[in-house]
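**Student:** give me coordinates for this.
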Amino acid sequence: MPLTVLAMDAELSGDPAPTLWADRLAAEVPGLLRYARTLVRDTERAEDLVQDTIVRALERSDSFRSESLLRTWLHRILHNLAVDQSRRPHADPVEVDDDAIGRVELLWQDDRYSVDAAAVAEQAESRDLMQDALLRLPLIYRSTVVLHDVEGLTMAEVAEIQQIGLPAAKQRLRRGRMMLVSELDRPHAHRFAPGVPLRCWDARAKVSDYLDSELSLRDSGLLEEHLAGCPTCPPLYAGLVGVRDALGARRDPDDVIPRRILDRIAATGA
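**Tutor:** Modelled structure (predicted):
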């Protein structure tokens, strides 16, 4: 049965036949691999994470509920596995560096802070540089940015995957996007002195929601007015747009599923 046909149906109802269930899981593997490759530092570990996710899904197929999207359920399994794995000795740390996050927030709250938007956009276009910058973000922020800006999941889905409230998920997205732009601009940071209405931090705190079309008309107008007159915020905004668009471009319809994962899935339908 063609995977493209099965992938069109996002929900599953009833008790799936083994072959149907295996095919549906296979259709989700490219997205899971993209996600896993941003959570860990090498391809083999990413493939192991996806394989473990598939195994868990096969073992727990009876627990899947049709009211949940299959991709959300699978991404939640993978996210939890990645967090558990990161807590093991010698693994990439999952702990959030509150000092580092605080420094980024203070930087963006400084009306004089800005970035070289052209340099950020150039760095964002490089797959290796983008991957390196993503991996310098704490896992929970990296996960949020990738799930929303790369995989196109809604913030409600991201919150469900991470098992947090929607406001907390939106805060993670805002912080993650800011940290990513600052990481990409690290060699180029510079400062100016704005003299326009609306504090820069008030504008910058609204930009993430603006990108997702979630601001009221009034707030959108205020932000657009600020961006039209502020010398420091437009490059930051352009950096956020460029990075988000570059992340979205990482979705590759020709992503190849590793043979060992395909074999694992195929075995369930035999």
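**Student:** show me the contacts for residue 177.
**Tutor:** Residue 177 sits next to 145, 149, 208, 211, 240, 243, 244 when contact means CB atoms under 8 Å, 6 or more residues apart in numbering. (Each C-beta comes from the backbone N, C-alpha and C, glycine too.)
**Student:** between those residues, which has the most around it?
**Tutor:** In terms of neighbours by other CB atoms under 10 Å, these top out with residue 243 at 26 neighbours.
**Student:** you'd agree residue 145 is up against residue 176?
**Tutor:** Yes: using CB atoms under 8 Å, residue 145 is in contact with residue 176, at 4.1 Å.
**Student:** flag every buried residue along whichever strand or helix holds residue 50.
**Tutor:** Using DSSP states H and E, residue 50 sits in helix 43-59. Judged by neighbour count (16 or more other CB atoms under 10 Å), helix 43-59 contains these buried residues: 45-58.
**Student:** return the item of the residues you listed having minimum pLDDT.
**Tutor:** Within the buried residues of helix 43-59, pLDDT reaches its minimum at residue 58, with 83.
**Student:** how close does that one sit to residue 257?
**Tutor:** From residue 58 over to residue 257 the distance is 15 Å, taken as CB to CB, to the nearest Å.
**Student:** kindly report the same for residue 208.
**Tutor:** For residue 208, the distance to residue 257 - CB to CB - is 33 Å.
**Student:** got it, and residue 60?
**Tutor:** 21 Å.
**Student:** which one of the two has more residues nearby?
**Tutor:** The neighbour count for residue 60 versus residue 257, taken as other CB under 10 Å, is higher for residue 257 (17 against 11).
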